[in-house]
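Participant: Build the 3D model from these lines:
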Amino acid sequence: MMMVMMGFSLYAAYVCIDSMLDVKFASFEEFGRWLEDYSDPDVIWGNGVAINISQILGFLGAAFIFVMFFGRASVNSFWLRKPHMTILIVPLLGLCASPLIYMSQLLNEWLIPVGGWIEQNIKPMEDQAAELTEAIMYMPDSCALWMNIVAVAVIPAICEEFLFRGVVQSQLGKAFKNIHVAIWFTAAFFSFIHFQFYGFLPRMLLGAFFGYLLIWTGSIWAPILAHFVNNTMAVLGFYYTQHNPDIDVKALESSSVEPLPLIVMSALFIGGVILLMKRNQWSRIKTEYEHFGDQALGNPRMN
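Facilitator: Model prediction:
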């Protein structure tokens, strides 16, 4: 369903851009070549439109089509229940996960052989994707900042969590009857689908964290909030460096990191996770999560 909707989203982006800009494409191939010219502001805008359409139709659309076929009970109504008050610490956890993400990024780079097939064939595509990201993230004013927060943080947080944690993880949980297997399989798929293998490990860890947030709180709003915080931090980082020309980004990336802030943030992260685990909702929702809605109570499956 996701692959079909992703194809449909590409066609929708094609029609949308073709009608809104003074550009006419003879074919999809020409449209694809046009999207690769990052020197043209219209192309940058077009890429942003295409990405958001793919999020809304490809991810969120696929999730709701799944529900149309199999009913809300199959995904436990996406766990759209009111979260416990412990959700208030989720933004702090999102911020304090940075040391873990940083270390996993270093490990990810170390695991990829220098001069290997991945570096020769995948790295150029990832460099091109990074170039597009920098172009989309150009924010000359606060209006552009807010637009990017919506496009890069709000939309992906909702669309990706409804599909991956709402549908994929719930179905794997029912299939395996093992929530840890479901969470890590979903996290690996979540990372793979981004096709950025130099960031595969940190994105997989984030996906697993989002998955555990769902079962700890019993509400999909917790992973949505954590996802939003993580992406918003990235947007604000781009905005801050762009509007502070004295900052040397390359020098910061190559400089050593002070251990004390990492230790403090790691301690806060661990403390927050322990608090959530003490308030863990899994024992209450386990039976419902691993079965299809009312079937968990011994009743016939209902839509």
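
Participant: Please state the offset of the longest helix along the chain from the chain centre?
Facilitator: Assignment by DSSP state H gives helix 221-242 as the longest helix of the chain. Distance, stretch centre to chain centre, for helix 221-242: 11 Å (CA atoms, centre = their mean, to the nearest Å).

Participant: Output the contacting helices and strands for that helix.
Facilitator: The helices and strands touching helix 221-242, judged by 3 or more CB pairs under 8 Å, 6 or more residues apart in numbering; DSSP states H and E, are helix 90-96, helix 142-148, helix 155-161, helix 200-217. No exception for glycine: its C-beta is placed from N, CA and C like everyone else's.

Participant: Out of the ones you listed, which is closest to K174?
Facilitator: helix 200-217 (13.3 Å; CB to CB).

Participant: quick revisit: can you redo the helices and strands packed on helix 221-242 as a markdown table with mean pLDDT, distance to E288 and mean neighbour count?
Facilitator: Shown next, in a markdown table, are the helices and strands packed on helix 221-242 (pLDDT from 0 to 100; distance: least, CB to CB, whole Å; neighbours: other CB atoms under 10 Å):
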| stretch | mean pLDDT | distance to E288 | mean neighbour count |
| --- | --- | --- | --- |
| helix 90-96 | 90 | 22 | 20 |
| helix 142-148 | 94 | 38 | 14 |
| helix 155-161 | 97 | 19 | 23 |
| helix 200-217 | 95 | 11 | 24 |
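
Participant: what domains does the record give for the protein?
Facilitator: Taking automatic domain parsing as the reference, the chain has its domains at 1-70, 77-297.

Participant: any idea how far A129 is from D42?
Facilitator: Separation of D42 from A129 (CB to CB, to the nearest Å): 19 Å.

Participant: got it, and I56?
Facilitator: The separation that I56 has from A129, given CB to CB, amounts to 20 Å.

Participant: Also M2?
Facilitator: According to CB to CB, M2 and A129 sit 20 Å apart.

Participant: can you check E29 too?
Facilitator: According to CB to CB, E29 and A129 sit 20 Å apart.

Participant: Looking at those two, which is more packed in?
Facilitator: Counted by other CB atoms under 10 Å, E29 and A129 do not tie: A129 has more neighbours, with 14 against 9.

Participant: Report the spatially closest residue to that one, excluding sequence-adjacent ones.
Facilitator: Leaving aside its chain neighbours, A129 sits nearest to Q196 (6.5 Å; criterion: CB to CB, 6 or more residues apart in numbering).

Participant: Only alpha carbons, please: show stretch 46-65 as CSV.
Facilitator: Only the C-alpha atoms of stretch 46-65 are listed here, as CSV (Å, rounded to 0.1, in the frame of the first residue of the first chain):
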residue,chain,number,x,y,z
GLY,A,46,9.2,21.8,-6.2
ASN,A,47,11.3,19.3,-4.2
GLY,A,48,9.7,20.6,-1.0
VAL,A,49,6.3,20.1,-2.5
ALA,A,50,7.1,16.6,-3.7
ILE,A,51,8.5,15.6,-0.3
ASN,A,52,5.5,16.8,1.6
ILE,A,53,3.1,15.2,-0.8
SER,A,54,4.9,11.9,-0.5
GLN,A,55,4.7,12.2,3.3
ILE,A,56,0.9,13.0,3.3
LEU,A,57,-0.1,10.5,0.6
GLY,A,58,2.6,7.9,0.7
PHE,A,59,2.8,7.5,4.5
LEU,A,60,-0.4,8.9,6.1
GLY,A,61,-2.5,8.0,3.0
ALA,A,62,-1.2,4.4,3.1
ALA,A,63,-2.0,4.2,6.9
PHE,A,64,-5.6,5.3,6.4
ILE,A,65,-6.1,3.0,3.3
